[in-house]
Each structure stands twice: as structure tokens, then as C-alpha cells.
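In: Fold the following and give me the result.
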Amino acid sequence: MKRDCGSCGKCCQMLGVPGVTRANERCKHWCAGKGCAVYKRRPEPCREFSCVWLLDDGKLFPDEMRPDRSHVLFWSAVDMPGRLVIHVEDGHPEAWDRPDVQRLVKEFLSKPRRTVVKVLGTMREVISNRALTPAEAEAMAA
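Out: Below is the predicted model of the structure:
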């Protein structure tokens, strides 16, 4: 099952797009209920990014976990294996406590050498299943 962004757009709102918008600021190309107005010619950072919901086949992240429905955005960087970043949408801190979010965090951390970075506004919390040096924790939170 191939997924598409549809009208979601939480990545461009929560993360920002370099050279276009800052984090927690709606992109100028966003059209409510429709999605990105320049999707076919969107900026390079947008083309390169995929949230975990988009990449999943629906087994771990069902449709209700789409970021605009769950108020959480899961993503992982290729250059930091074992790290999962979870952005909780401003105005929805309770989304972190959703049972399906907590299940996914617990499942991710059940594997060796895993770290979750919870982002809520400007706050970053590093949760790891192993002891991290201060330098490692700082790098993970960046």
C-alpha cells in the first residue's frame, strides 16, 4: 500500500522548510484541505523528507496515526540510525500520552541501542534504553 501526504502537511508546519518557512509556521504554499499547492515542483528539502507514517505500510502506523489526525509526527534521519524523533504538535501536548503513541515508543525502545527524541515546542527530551554520555545526549537532541 503506497501512501501519500494528501491534505496532511504537518511536516511543513512542525519542522519548517529551509529557505521557505520556520518550524511551527504554516508554509506559504499550503492550501487548507488540499495540501501543497506546489507539490509537483516543491523545494528539494520537501521532496527528500518522508515521515514514518508515509513510509509505513499501515501495519505499525494505521491511518489514524497520520500526523494531522494524531498531532504527532514521527521521523528518523538516515545519518542517525537508532534515533526516532517525535514532534508533538503545539497546542496538543496530550497527544504524547495517546496509547498508540506510547505503544510505538515502547516497541521502538525494546530493540538494542535505541533513542527517542520527544520535541514539544522548544523543549527536547531524550529517552534512551542505554546510558548516554552528555555529548551523545546533546548530539541526539540536536
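
In: for this protein, what spans make up the strands?
Out: 30-31, 35-36, 72-75, 83-88, 115-120, 123-128 (DSSP state E).

In: Most tightly packed of the ones you listed?
Out: Most buried of the strands of the chain, by mean neighbour count (mean count of other CB atoms under 10 Å): strand 72-75, with a mean of 24. Where you see a C-beta, it was placed from the backbone N, CA and C, and this is true even at glycine.

In: And R124, how far from S70?
Out: The spacing between R124 and S70, counted by CB to CB, to the nearest Å, is 20 Å.

In: So for stretch 7-14, what gets flagged as buried?
Out: Neighbour-count burial for stretch 7-14 flags C8, G9, K10, C11, C12, Q13, M14 (criterion: 16 or more other CB atoms under 10 Å).

In: Show me which of the residues you listed is closest to R42.
Out: C12 (8.9 Å; CB to CB).

In: Tell me how many other residues surround the spatially closest residue to the closest one that is not a sequence neighbour.
Out: Nearest residue to C12, sequence neighbours excluded (CB to CB, 6 or more residues apart in numbering): C27, at 4.3 Å. If you count neighbours by other CB atoms under 10 Å, C27 ends up with 20.

In: do you know how far C27 is from N129?
Out: 35 Å.

In: what do you get for V20?
Out: Using CB to CB, V20 is found at 36 Å from N129.

In: cool, Q102 as well?
Out: As judged by CB to CB, Q102 and N129 stand 15 Å apart.

In: Neighbour count for those two, which is higher?
Out: Legend: neighbour count by other CB under 10 Å for Q102 and N129, higher for N129 (14 against 11).

In: That one contacts P112, correct?
Out: Yes - in terms of CB atoms under 8 Å, N129 counts as a neighbour of P112; the distance is 7.5 Å.

In: number of nearby residues for the closest residue to P62 other than its chain neighbours?
Out: Once flanking residues are discounted, P62 sits nearest to D100: 7.8 Å by CB to CB, 6+ apart. Using other CB under 10 Å, D100 is surrounded by 14 other residues.
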